[in-house]
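# Fold the following and give me the result.
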Amino acid sequence: MSDFITRVIGAAKLETAIYEEVEADTSATLQAGGIVALASVAAGLGVLVGGNIRFFIGTMIAALISWVIWAALTWAIGTKLLPEPQTKADIGQTLRTLGFAASPGLLRVLAFIPVLGWIIVVVANIWMLVAMVVAVRQALDYNSTGRAVAVCVIGFIANIIIMAIAHRLFGPLSIPM
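Numbers count the residues shown, from 1 in each chain. Below you'll find the predicted structure:
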């Protein structure tokens with residue numbers, strides 16, 4: 001368990017060695033999914049104060065679906081559309097690193113705090129995006145942070161479009177995070 005906690009903290013601290021470690025550890029995929037699930041539970045609990053169970057469940061489901069879609073998009077964009085000469089990655093590596101990049105999302109459980117809650121959520125979301133750039137750079141073996149940012153921006157836009165379509169087709173249970 002301490003390895004897991006060390007990884008979560010290291011990922012939140014944007015330690016590239018942690019992202020390299022989970023990229024290489026095929027057994028860390030469930031841990032990465034666990035972080036995404038915990039971060040989505042935290043986000044759901046943060047908004048549950050209003051008693052909206054449906055939003056809580058929808059947030060959790062959408063987070064897990066979004067993680068898989070975003071990882072697939074990131075992998076495809078990063079390895080097929082914008083690879084660097086040394087880029088070599090598989091979908092599992094991308095899933096693991098992006099899953100650990102969700103670590104700062106655990107702070108979203110504090111969304112219920114009056115006045116400060118929304119600020120904490122905004123900071124956590126920005127922190128997660130920065131962690132995703134680090135994760136993408138490490139998973140795709142990029143030398144360029146700019147290329148990792150480009151992959152994240154393109155993947156983010158594509159993911160939002162996909163989640164909006166899912167929301168339109170399936171209703172509130174597909175609310176993006």
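# Setting the sequence-adjacent residues aside, check what's closest to the residue nearest the centre of the chain.
By C-alpha atoms, centre = their mean, the chain has its centre lying nearest to A102, at 4.2 Å. In space, A102 comes closest to A39 once its chain neighbours are excluded; the distance is 4.3 Å by C-beta to C-beta, 6 or more residues apart in numbering. Where you see a C-beta, it was placed from the backbone N, CA and C, and this is true even at glycine.
# Where is the longest helix in this structure?
helix 145-170 (DSSP state H).
# picking up where we left off before, can you give me the neighbour number for the residue nearest to A102?
By other C-beta atoms under 10 Å, 27 other residues sit near A39.
# Now do the phi/psi pair for it.
phi -70, psi -40 (degrees, to the nearest 10).
# Would you mind measuring from it to C152?
As defined by C-beta to C-beta, to the nearest Å, A39 lies at a distance of 17 Å from C152.
# Just want the angle from the helix or strand I69 falls within to helix 145-170.
Remark: I69 resides in helix 53-76, with elements defined by DSSP states H and E. Relative orientation of helix 53-76 versus helix 145-170 (axes from the mean of the first three to the mean of the last three C-alpha atoms, to 10 degrees): 140 degrees.
# now for helix 53-76, which elements pack on it?
helix 29-48, helix 91-100, helix 145-170 (3 or more C-beta pairs under 8 Å, 6 or more residues apart in numbering; DSSP states H and E).
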